[in-house]
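Visitor: with the input below, show me the fold.
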Amino acid sequence: MDILFISKSKGTAARLPVSTPLVLLLTFLGVGGVSGLWFLGFQHGAVATLTDLSANPERAVAIWQREIGEQRRFLSGLKRDLDAELGALAATVGGMQGEIRRLDAVAEHVIAGSGLDPSEFGLAGSSPIGGPREPDALSPQ
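Guide: Residues are numbered from 1 along each chain as shown. Below you'll find the model as predicted:
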């Protein structure tokens, strides 16, 4: 593939053959150039900001106070959202506990009506709560 440079007076003025190494070189130079310009702009902005803030400490205090206020508002909203989600979770868990108690009552009714041994099902004790086993309950390996 070639890149053709065309002029009005001469027609085809030049022809540049495009090869994979040339494309890679131009891509590398383009990406490197953009990255270098971004870095230089970042450095210039940082230096300008530090110079401005060190020359005007009252402005620096105002900026930090505004930033702290924004973070407090963000954390307040986050806490409000977490409280709402915790309330919804508590309601769901409460509903599940109610359903489990109903199932336990049905199981007790079935056991009583069928003449089975109630100790076989362990409904009299507390329900297991899950979680990791205690270290002493683990079998030796």
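
Visitor: quick one: the strands in the chain, in order.
Guide: Taking DSSP state E to define them, one finds strands in the chain at 2-7, 11-17.

Visitor: and the ones you listed as JSON lines, adding distance to Ser54 and mean neighbour count?
Guide: For every residue, glycine as well, the C-beta is placed using N, CA and C. Shown next, in JSON lines, are the strands of the chain (distance: least, C-beta to C-beta, whole Å; neighbours: other C-beta atoms under 10 Å):
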{"stretch": "strand 2-7", "distance to Ser54": "51", "mean neighbour count": "10"}
{"stretch": "strand 11-17", "distance to Ser54": "51", "mean neighbour count": "10"}
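
Visitor: among those strands, which is nearest Phe74?
Guide: strand 2-7 (51.9 Å; C-beta to C-beta).

Visitor: how close does the most centrally placed residue in the chain sit to Ile100?
Guide: The residue lying closest to the centre of the chain (C-alpha atoms, centre = their mean) is Leu78, at 14.2 Å. Distance, Leu78 to Ile100, using C-beta to C-beta, to the nearest Å: 32 Å.

Visitor: with that, I have no additional questions.
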